[in-house]
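# Any chance you can model this:
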Amino acid sequence: AHITLRAATVTLKPPTRCGYRLPVLNVNAVLAREDMPPNGKEPLEWLLLTSLPVERFEQATTVVAWYAVRWCIEVYFHVLKSGCQIKRLHLETEERLLPCLALYMVIAWRVLFSLMLARATPDLDCEVIFDPQEWRAAYIVVKRCPPPSTPPGLNEMVRLVASLGGYLGRKHDGPPGAKAMWTGLQRLRDFVIALAAQQDVAMRCV
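Residues are numbered from 1 along each chain as shown. Now for the predicted structure:
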């Protein structure tokens with residue numbers, strides 16, 4: 001969308017309260033408006049209130065760019081809360097809780113980063129994210145055949161992992177989602193352990 005940006009500092013007047021007065025509040029506002037939308041389409045219009053500076057055009061575009069990625073942020077916290085189940089943690093002290101949250105935040109980041117990078121660079125070598133044992137285990141389990149000598153592309157690997165989590169990959173299906181990906185990664189860990197055990201047994205029998 002081609003949008004016009006307008007920015008200013010505005011003063012918000014407080015509502016009336018019986019017995020006391022609230023202070024006025026100064027905030028920065030950025031208005032992003034699509035002046036010429038396509039025919040039949042509703043124009044994009046965002047009014048964003050922020051504490052960030054907006055005196056320069058570059059500052060206003062930063063506010064809009066941050067808001068534009070809000071969906072990815074929502075998906076990230078969905079993975080963190082529903083996939084990692086952080087609400088079910090029963091750690092009683094901050095010293096125990098914070099390291100656990102830090103670990104789960106890295107895991108949630110990996111799920112989302114894998115999905116987004118596969119969409120942006122589908123032919124990228126999957127070993128930029130996945131260990132050799134991971135992609136080989138996924139290939140064997142899903143394809144039911146020996147893995148190739150060279151790593152598959154990242155998009156193919158993400159689809160293999162997501163299929164372990166219930167992604168069907170039909171002709172009209174979109175790209176894999178976060179839930180299929182985090183479920184697939186959980187199952188993949190078990191397959192990697194099984195593959196390593198099978199290789200150890202084979203080496204001992206030689």
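# Nearest to the spatial middle of the protein, which residue is it?
When CA atoms, centre = their mean is applied to the chain, the residue found nearest the centroid is residue 112 (3.1 Å).
# if I look at residue 74, how far off is residue 81?
11 Å (CB to CB, to the nearest Å). C-beta here means a position set from N, CA and C on the backbone, and glycine is covered the same way.
# Contacts only, for the residue nearest to the centre of the chain.
72, 75, 76, 79, 178 (CB atoms under 8 Å, 6 or more residues apart in numbering).
# Show the buried residues in the residues you listed.
Among the contacts of residue 112, those classed as buried by 16 or more other CB atoms under 10 Å are 75, 76, 79, 178.
# Show me which residues of the host helix or strand of residue 188 are buried.
Under the criterion of DSSP states H and E, residue 188 resides in helix 178-205. Neighbour counts over helix 178-205 (16+ other CB under 10 Å) mark 178-185, 187-188, 191-192, 195 as buried.
# Which strands or helices does it pack on?
helix 94-120, helix 132-143, helix 154-164 (3 or more CB pairs under 8 Å, 6 or more residues apart in numbering; DSSP states H and E).
# mind putting these in JSON lines, distance to residue 32 and mean pLDDT included?
Compiled in JSON lines, the helices and strands packed on helix 178-205 are given as follows (distance: least, CB to CB, whole Å; pLDDT from 0 to 100):
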{"stretch": "helix 94-120", "distance to residue 32": "23", "mean pLDDT": "90"}
{"stretch": "helix 132-143", "distance to residue 32": "41", "mean pLDDT": "93"}
{"stretch": "helix 154-164", "distance to residue 32": "32", "mean pLDDT": "93"}
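# Just name the most buried of these.
Among the helices and strands packed on helix 178-205, ranked by average contacts under mean count of other CB atoms under 10 Å, first place goes to helix 154-164 (a mean of 23).
# buried sites along the helix or strand residue 11 falls within?
Here residue 11 sits within strand 4-12, counting by DSSP H and E. Using 16+ other CB under 10 Å as the test for burial, strand 4-12 gives residue 7.
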